[in-house]
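**Student:** Sequence plus predicted model, see below.
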Amino acid sequence: MQIILKNVYYNKFKNINLNINDNKITGIIGLVGSGKTDLSMLLGKRVLPTSGNIDYIPKILEDKIGIISNFSYEEMLDGSVKDFIVKKSVVFDYKIENIDERVEEVLKMVGLNKNILDKQVFCISQSEKIKILLSQTLLFNPELIILDGVIEELDSKSRTKLYKLIIKLKKFYNKTIVITSSDVDNIYEILDDIVILNDGMVIGSGDKFEIYNDETNNQFLPIPLTIEFKNKVKEKLNVNLGDNDSINELIKAIYREIR
């Protein structure tokens, strides 16, 4: 699914024009207060622009957009985990066949045991709440998944598992995924595209390697460790290690070029 913003105004956003590419993992990067949550809420149809248009190609209904943010925790006040996961089916009048089996399937996808279903929502950890919110989202087979500022709240092990799931959702299920973060090192490895926000303005957007290879963007976004190291090797040894997603790829490039 492609999302096209045309002359969008909302809060601090003034005349925003932006494309979110189909079947990609797009990272929205910016400091606190740059507008990341406002943009995720606009993309998720939780708020409407003051003026301008947001087009979805193909068209999409709100119930096919899954958005997980800090605001989502406000919906997790009481009741059992199972009741919370399936309550959206009541809101949107869904009829899910073999719902118990489906619930167990999505729990397994996010790395949770089915025993958690009987727990009360207020008793589970923050990391478990994020996984439960994702389980609820996956239960209804969304076409667009938005994760707003929640990656940072996962421990390293949970984050790694989530990354594998996100890549699988894109690669095998053709999902379009948007992730917002103030810490680019948390998400850089899995991103295809990047949107740079600064005080309600889109400073740059596009392929992540192209964004970081354009030095004019560097003043507006933090540099991932992989890019920093590559730049230092280029400066000190005049060796180009190429574009690398992860530390593991960087190590392979180092071995290949400097052995």
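**Tutor:** Arrived safely, thanks for sending. Residues are numbered from 1 along each chain as shown.

**Student:** Leaving aside the residues adjacent along the chain, what's closest to residue 234?
**Tutor:** residue 240 (5.9 Å; CB to CB, 6 or more residues apart in numbering). C-betas here are computed from N, CA, C, even on glycine.

**Student:** number of nearby residues for that neighbour?
**Tutor:** The tally of other residues near residue 240 (other CB atoms under 10 Å) stands at 11.

**Student:** helix, strand or coil for it?
**Tutor:** Per DSSP: H, G, I helix; E, B strand; the rest coil, the local secondary structure of residue 240 is coil.

**Student:** Could you do residue 47 as well?
**Tutor:** With three-state DSSP as the basis, residue 47 sits in coil.

**Student:** how about the strands in the stretch 51-200 of the chain?
**Tutor:** Using DSSP state E, counting those that start in this stretch, the strands found in the stretch 51-200 of the chain span residues 51-57, 65-69, 144-148, 176-181, 193-198.

**Student:** hmm, who's touching the helix or strand containing residue 251?
**Tutor:** Element membership for residue 251, per DSSP states H and E: helix 247-257. Under the contact criterion CB atoms under 8 Å, 6 or more residues apart in numbering, helix 247-257 has outside partners 225, 226, 229, 230, 233, 239, 240, 241, 242, 244.

**Student:** just those residues now: which is nearest residue 170?
**Tutor:** Residue 170 lies nearest to residue 244 out of the contacts of helix 247-257, by CB to CB, at 19.3 Å.

**Student:** residues in contact with the closest one?
**Tutor:** 226, 230, 250, 253.

**Student:** in stretch 121-138, what's buried?
**Tutor:** 121, 124, 127-138 (16 or more other CB atoms under 10 Å).

**Student:** I'd like to check which residues are in contact with residue 182.
**Tutor:** Residue 182 neighbours (CB under 8 Å, 6+ apart): 29, 30, 31, 32, 36, 149, 152.

**Student:** related to what we said a few turns ago, mean confidence for the helix holding residue 251?
**Tutor:** Here helix 247-257 scores 74 as its mean pLDDT.

**Student:** for it, which positions count as buried?
**Tutor:** 250, 253, 254.

**Student:** Export those residues to JSON lines and append columns for distance to residue 205.
**Tutor:** Putting the buried residues of helix 247-257 into JSON lines (distance: CB to CB, whole Å) gives the following:
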{"residue": "250", "distance to residue 205": "25"}
{"residue": "253", "distance to residue 205": "26"}
{"residue": "254", "distance to residue 205": "30"}
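
**Student:** Out of the residues you listed, flag the one nearest to residue 196.
**Tutor:** Of all these, residue 250 has the smallest distance to residue 196: 22.4 Å, by CB to CB.

**Student:** Mind naming the longest helix for this structure?
**Tutor:** The single longest helix within the chain, with elements called by DSSP state H, is helix 156-173.

**Student:** helices and strands around it, which ones?
**Tutor:** strand 25-29, helix 99-110, helix 126-139, strand 176-181 (3 or more CB pairs under 8 Å, 6 or more residues apart in numbering; DSSP states H and E).

**Student:** contacts for it?
**Tutor:** So helix 156-173 is contacted by 23-25, 109-111, 127, 130-131, 134, 145, 151, 154, 175-177, 179, 186, 189-190 (CB under 8 Å, 6+ apart).

**Student:** Thanks again, I'm all set now.
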